[in-house]
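*Asks:* can you look at this prediction? I've put the sequence above it.
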Amino acid sequence: MNQHPKSDIAFGTRAVMEALQADREIERILVQKGTQSDMFRELITEARQRHIPVSQVPIEKLNRVTRKNHQGVIAFISSVVYASLDHIINESYQRGQEPFLVIVDRVTDVRNFGAIARTAECLGVHGIVIPDKGNARLGGDAMKASAGALNYIPICREENLKRTIQYLKSSGIRVIACTEKTDNLLPQQDLQGPIALLMGSEEDGISEAYLKLADASVKIPMTGQVASLNVSVAAAIGLYEIVRQRGNT
């Protein structure tokens, strides 16, 4: 299933505010420089709370995007089509393959998310599961960081990751958390069979509630002075170890 994170636009204060409140996948917002109103201030506050970039630009730039009555504000909205988790799991079994997933818990940096998607696609992951809130926006920046991988790897956007993890476990898919909060080393863990690798946010790792649900926790052995790895690098190491144990290398 291909996905094409291209941008549609919404323009006008009311339309953009409604897109924000509907939690549309907004890549960025342009507002006319120097505009002052309660609606604009509310719109900018709403966008920043959702970690959506807001740029103040001359009206000429807005007019180049659309000649319609934009009222000084334009939002670029990603047209990502999300995949069904059930469909991904069933399709992998129909191909004679064991499901191989990545769960990404609140990774907000688009470059990190794009790098995870790139590695996952290269290593044959069937799909990436993300929360519906608190994750990187899947727009042009994420597409660029993924080197086009987001065109090919299905993304599942789930409202409740706790229930999703429980569902995966009940479906016979083991959930393995990659975390520093364990003594269990990655190479020593059996990673064969249907599996979902759980990765946490850049700031505080995997949510405690999800750690408790995981079938096992693993950490990457390190011998240097730096205490942690970038989340996209950690994901790459974890995914490669799964592929290695599966005998696909």
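*Replies:* That came through fine. Residues are numbered from 1 along each chain as shown.

*Asks:* mind checking what secondary structure the residue nearest to residue 50 when sequence neighbours are not counted has?
*Replies:* Once flanking residues are discounted, residue 50 sits nearest to residue 20: 6.8 Å by Cβ to Cβ, 6 or more residues apart in numbering. For the C-beta atoms, the positions are set from N, CA and C on the backbone; glycine is no exception. The three-state label given to residue 20 by DSSP: H, G, I helix; E, B strand; the rest coil is helix.

*Asks:* contact partners for residue 20?
*Replies:* Residue 20 makes contact with 26, 43, 46-47, 50, 52, 75, according to Cβ atoms under 8 Å, 6 or more residues apart in numbering.

*Asks:* show me which of those residues are buried.
*Replies:* 26, 43, 46-47, 52, 75 (16 or more other Cβ atoms under 10 Å).

*Asks:* could you find the closest non-adjacent residue to residue 246?
*Replies:* Among residues not flanking residue 246 along the chain, residue 192 sits closest, at 6.0 Å (Cβ to Cβ, 6+ apart).

*Asks:* what's around that neighbour, how many residues?
*Replies:* For residue 192, the neighbour count with other Cβ atoms under 10 Å is 11.

*Asks:* repeat that for residue 19.
*Replies:* 19.

*Asks:* separation between it and residue 50?
*Replies:* Distance, residue 19 to residue 50, by Cβ to Cβ, to the nearest Å: 11 Å.

*Asks:* please apply the same query to residue 66.
*Replies:* 23 Å.

*Asks:* and for residue 19 and residue 50, which residues touch both?
*Replies:* What both residue 19 and residue 50 touch, as defined by Cβ under 8 Å, 6+ apart, is the set residue 26.

*Asks:* and residue 17, which of the three is it?
*Replies:* Three-state assignment for residue 17 (three-state DSSP): helix.

*Asks:* ok, now which ones touch it?
*Replies:* For residue 17, the residues meeting the contact criterion (Cβ under 8 Å, 6+ apart) are 39, 42-43, 46.

*Asks:* now with 6 Å?
*Replies:* Applying Cβ atoms under 6 Å, 6 or more residues apart in numbering to residue 17 gives the contacts residue 43.

*Asks:* what ranges does this structure have for its helices?
*Replies:* Applying DSSP state H to the chain gives helices spanning 13-21, 38-49, 59-65, 85-94, 110-122, 140-145, 161-170, 208-213, 231-246.

*Asks:* okay if I get these as TSV plus distance to residue 224 and mean pLDDT?
*Replies:* Output for the helices of the chain, formatted as TSV (distance: least, Cβ to Cβ, whole Å; pLDDT from 0 to 100):
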stretch	distance to residue 224	mean pLDDT
helix 13-21	43	87
helix 38-49	37	90
helix 59-65	46	94
helix 85-94	36	95
helix 110-122	20	95
helix 140-145	26	79
helix 161-170	31	97
helix 208-213	25	95
helix 231-246	13	96
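
*Asks:* point out the most buried one among those.
*Replies:* Comparing these by mean neighbour count (mean count of other Cβ atoms under 10 Å), helix 110-122 ranks first with a mean of 22.

*Asks:* which helices and strands does it pack with?
*Replies:* For helix 110-122, the contact count by 3 or more Cβ pairs under 6 Å, 6 or more residues apart in numbering; DSSP states H and E identifies helix 140-145, helix 231-246 as packing neighbours.

*Asks:* so which of those helices comes closest to residue 173?
*Replies:* Residue 173 lies closest, by Cβ to Cβ, to one member of the helices and strands packed on helix 110-122: helix 231-246, at 12.4 Å.
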